[in-house]
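Trainee: model the structure of this input:
(one chain, ligands or ions: 1)
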Amino acid sequence: MSKLEGKVAVVTGGGSGIGRAISTLFAQEGAWVHILDLNPQGAEEVQQEIEDLGGKCSVHTCNVSDQEEVLAVVASIGRIDVLVNNAGIAHVGDVEHCSPADFDKVFQVNVKGAYNALFAVIPVMKANGGGAILNLASIAAWVGITDRFAYSMSKGAIFAMSLSVARDYMQDNIRCNSISPARVHTPFVDGFIAKNYPGKETEMFEKLSQSQPIGRMAQPAEIAKLALFLCSDDAGFITGNDYPIDGGFIKLNN
Ligand SMILES: NC(=O)c1ccc[n+]([C@@H]2O[C@H](COP(=O)([O-])OP(=O)(O)OC[C@H]3O[C@@H](n4cnc5c(N)ncnc54)[C@H](O)[C@@H]3O)[C@@H](O)[C@H]2O)c1
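Mentor: Reported below is the predicted structural model:
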């Protein structure tokens with residue numbers, strides 16, 4: 001029996017990286033996956049990949065920072081059993097290298113985007129008798145990482161947001177957890193290396209890989225497997241928790 005047979009899943013930022021791997025795996029496990037992404041091109045590629053394998057996927061071009069857009073898309077979907085708040089953006093810089101515009105942008109996407117999806121989806125889940133929510137935090141919520149001021153704060157907010165939702169909606173049969181990956185090899189990582197360390201891409205990639213005790217970055221598919229477990233009925237007793245998936249980064253980096 002597939003783990004998400006007959007379920008409807010919403011994955012924000014499902015057009016790339018971790019969200020792409022989650023969307024593909026959830027569809028393979030029987031879910032009808034709805035991708036909400038700013039970038040329709042990436043999302044449509046994922047849709048094609050899923051449909052080629054006989055799965056079901058719908059793409060909704062949507063900026064998660066815009067509450068009206070998110071509400072309209074969610075209203076068009078109907079029943080929703082699973083929500084993965086995955087859309088997120090990076091920012092590199094300490095306090096002095098974080099402009100008000102940088103700060104607002106990171107919070108608009110990483111924090112308000114997750115809130116907007118929760119605001120739209122929770123009433124639907126309540127009406128359906130429950131659901132499972134997974135939010136993408138990061139090891140940056142747990143340890144001090146150089147030059148990740150705004151990003152780390154946004155991921156700390158995701159952790160606290162998950163606890164709040166888990167507590168408030170337990171009686172509605174809604175579970176809410178977060179996961180905290182260390183570095184995962186996605187366009188997100190390639191993008192910030194290219195932007196922040198031009199000309200030193202290979203050296204930085206190796207440095208970042210070696211900064212994880214396990215000696216490499218995670219693959220998106222490895223993150224998707226943990227996401228699948230937490231969003232499936234196998235995790236029915238798990239709510240209000242964060243799960244690092246970090247190659248030893250938090251506890252073994254000594
Ligand atoms: N890659 C890592 O090393 C890593 C580590 C820890 C946590 N994370 C978190 O995992 C999540 C996914 O990261 P990734 O590496 O797969 O990123 P990615 O850049 O590869 O993909 C992010 C996706 O989100 C979409 N997106 C961005 N802004 C959006 C918006 N306003 N509205 C809708 N969609 C939007 C993008 O179009 C893209 O498809 C993020 O929340 C990130 O913070 C990533």
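Trainee: point me to the residue of the stretch 101-250 of the chain nearest the ligand.
Mentor: Per Cβ to the nearest ligand atom, residue 188 is where the stretch 101-250 of the chain lies closest to the ligand, at 2.8 Å. No exception for glycine: its C-beta is placed from N, CA and C like everyone else's.
Trainee: for that residue, give me its contacts.
Mentor: Residues near residue 188 by Cβ atoms under 8 Å, 6 or more residues apart in numbering: 16-18, 88-90.
Trainee: tabulate the residues you listed (TSV), appending distance to residue 103 and secondary structure.
Mentor: Listed next are those as TSV, based on distance: Cβ to Cβ, whole Å; DSSP: H, G, I helix; E, B strand; the rest coil:
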residue	distance to residue 103	secondary structure
16	23	coil
17	23	helix
18	24	helix
88	15	coil
89	12	coil
90	14	coil
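Trainee: how close does the residue of the stretch 101-250 of the chain closest to the ligand sit to residue 229?
Mentor: For residue 188, the distance to residue 229 equals 22 Å [Cβ to Cβ, to the nearest Å].
Trainee: now do residue 63
Mentor: Using Cβ to Cβ, residue 63 is found at 30 Å from residue 229.
Trainee: also residue 179?
Mentor: Plainly put, residue 179 is 10 Å away from residue 229 if you go by Cβ to Cβ.
Trainee: neighbour-wise, which of the two wins?
Mentor: residue 179 (24 against 14; other Cβ atoms under 10 Å).
Trainee: wait, is the more buried one part of a helix?
Mentor: No: looking at residue 179 with DSSP: H, G, I helix; E, B strand; the rest coil, it is strand, so not inside a helix.
Trainee: tell me which other helices or strands the longest helix seen in the chain touches.
Mentor: The longest helix of the chain (DSSP state H) is helix 149-168. If you count contacts as 3 or more Cβ pairs under 8 Å, 6 or more residues apart in numbering; DSSP states H and E, helix 149-168 packs onto helix 100-106, helix 113-128, strand 131-136, strand 174-181.
Trainee: for these, which one ends up most surrounded?
Mentor: strand 131-136 (a mean of 26; mean count of other Cβ atoms under 10 Å).
Trainee: residues in the stretch 101-250 of the chain within reach of the ligand, list them.
Mentor: With the criterion set to Cβ under 6 Å from any ligand atom, the stretch 101-250 of the chain comes near the ligand through 109, 113, 136, 138, 181, 183-184, 186-189.
Trainee: let's have those in CSV, adding distance to residue 168.
Mentor: Listed next are those as CSV, based on distance: Cβ to Cβ, whole Å:
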residue, distance to residue 168
109, 23
113, 19
136, 20
138, 23
181, 25
183, 32
184, 30
186, 31
187, 34
188, 30
189, 34
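Trainee: separation between the residue positioned nearest the centre of the chain and residue 206?
Mentor: The chain has residue 86 as the residue nearest its centroid, 2.0 Å off, counting by Cα atoms, centre = their mean. Separation of residue 86 from residue 206 (Cβ to Cβ): 27 Å.
Trainee: past the host helix or strand of residue 194, which element shows up next along the chain?
Mentor: Here residue 194, judged by DSSP states H and E, is contained in helix 187-196. Beyond helix 187-196 on the C-terminal side, the first helix or strand identified by DSSP H and E is helix 201-210.
Trainee: show me what that next one is packed against.
Mentor: Checked by 3+ Cβ pairs under 8 Å, 6+ apart, helix 201-210 has helix 187-196 packed alongside it.
Trainee: how far does the helix it packs on sit from the chain's center?
Mentor: 18 Å (Cα atoms, centre = their mean, to the nearest Å).
Trainee: quick one: it to helix 149-168, angle?
Mentor: With axes from the mean of the first three to the mean of the last three Cα atoms, to 10 degrees applied, the angle from helix 187-196 to helix 149-168 works out at 160 degrees.
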